[in-house]
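S.K.: Mind folding the following:
(one chain, ligands or ions: 1)
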Amino acid sequence: MKKNQFIWKRKHLLGLRSLSREEIEHILDTAKGFEQISTRSIKKAPTLRGKVVVNLFFEDSTRTRNSFALAANRLSADVIEFTQKSSSVSKGETLLDTAKNLEAMGIDIVVIRHSAGGVPKFLSRNINASVVNAGDGFCEHPTQALLDTYTIREIKGSLEGLKIAIVGDIAHSRVARSDIYAMTKLGAQVILVGPPTLMPAKVEQLPVKVSYSLDDILGELDVINMLRIQFERLGSNPFPSIKEYSHYFGLTVDRMKKAKKDILVMHPGPINRGLEMESEVADGPNSVILQQVKNGLAVRMAVLFLVNQGAMMRQKIKDRRERLED
Ligand code: CP
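M.R.: Got it, this is the predicted structure:
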């Protein structure tokens, strides 16, 4: 099927594990089309006029939350910002009651971040609105991986045949999981790098290679994605000291001398400067970290547009079925 004949059917975006290559490419192509809205003097399109998007964040966020809010605003949707601390969740209201009460106000799309894996799927089965996963536990962070692949595709043309390392705290990283699904489906070879204590359980079941030495593979890489050590999720100390971790796995100016001249340096943010990478590398010529953030806006506009399109298509099919049954 040709790209322009592709019909998007999904009402939710819960993760990338179940998406096909064609679906991922369709999101990236749609995002490309939305990019130019942000270059206009009036940065708005009427695409989601009359729709309501709720940002339902149960964990802190700078990039994802603001990017979704701006994306929804650019598409003329009304946006409700929900924070756990200032809501009735602090009085004991459940997640489902919270979502159902918001739904009673007529919301169309819920963007949810939660510390528990599976919460977006649970919501999608219990409310009528579209659900977009903005990060659930250690499971998935699909829009981060979409903006990562968008950025690589924009600069390198394609992910086909590229060698991409994801370095650091893989065990606790929802970004790593979504990146693995997206990047391998688009034809890249993914290598997970870090100490054994930060590798996920059943890593052999993932479509990746594993290396415990960054120095052994750095020279072969086209892209290196450095992950934050998620201290808030660590039960016990996974390495003897921060200094030792940085010595073996930190991206330093000195270590960068071994890398290809055109290697892309990525990080989902927030960065622990001086731990997983030195500031000179984070702000250096190979870094595309702020380009990732910029591209996140177009990607999230595409996701909001597509899940709304999927919801409308499903509603039409349901209405037609009901008419036929009458
Ligand atoms: N990359 C990412 O999810 O950043 P935030 O936690 O700031 O949203």
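
S.K.: which residues are contacting stretch 246-263?
M.R.: Residues lying outside stretch 246-263 but in contact with it, judged by Cβ atoms under 8 Å, 6 or more residues apart in numbering, are 167-168, 193-195, 213-215, 218-219, 221-224, 226, 265, 274-278, 280-281, 284, 286. Where C-beta positions appear, they are placed from N, C-alpha and C, glycine not excepted.

S.K.: out of these, which touch the ligand?
M.R.: Intersecting the contacts of stretch 246-263 with the surroundings of the ligand, defined as Cβ under 6 Å from any ligand atom, gives nothing.

S.K.: The residue of the stretch 101-250 of the chain found nearest the ligand in helix, strand or coil?
M.R.: When distances are taken as Cβ to the nearest ligand atom, the stretch 101-250 of the chain reaches nearest to the ligand at Gln144, 5.2 Å away. In three-state terms, and counting by DSSP: H, G, I helix; E, B strand; the rest coil, Gln144 is helix.

S.K.: how near is Gln291 to Arg63?
M.R.: Gln291 sits 13 Å away from Arg63, going by Cβ to Cβ, to the nearest Å.

S.K.: what does Phe231 give?
M.R.: According to Cβ to Cβ, Phe231 and Arg63 sit 19 Å apart.

S.K.: between these two, which one's more packed in?
M.R.: Higher neighbour count among Phe231 and Arg63: Arg63, with 17 against 12, using other Cβ atoms under 10 Å.

S.K.: does that one really touch Gly296, like I thought?
M.R.: Yes - in this structure, Arg63 is within contact of Gly296 by Cβ atoms under 8 Å, at 6.5 Å.

S.K.: So Ala302 is in contact with Ile24, correct?
M.R.: No - using Cβ under 8 Å, Ala302 makes no contact with Ile24, being 11.2 Å away.

S.K.: buried set for stretch 230-237?
M.R.: By neighbour count, and taking 16 or more other Cβ atoms under 10 Å as the criterion, the buried residues in stretch 230-237 are Gln230.

S.K.: Can you get me the start-to-end distance on it?
M.R.: From the first residue to the last, stretch 230-237 extends over 11 Å; the measure is Cα to Cα, to the nearest Å.

S.K.: Quickly check: it near the ligand or not.
M.R.: No - counting by Cβ under 6 Å from any ligand atom, no contacts exist between stretch 230-237 and the ligand, the nearest distance being 10.4 Å.

S.K.: Show me what that stretch is in contact with.
M.R.: Residues outside stretch 230-237 that contact it (Cβ under 8 Å, 6+ apart): Phe138, Asp169, His172, Ser173.

S.K.: Quick one: name the residues of this protein near the ligand.
M.R.: With Cβ under 6 Å from any ligand atom as the criterion, the chain comes near the ligand at residues Ser61, Thr62, Arg63, Thr64, Arg65, Gly135, His141, Gln144, Pro268, Gly269, Pro270.
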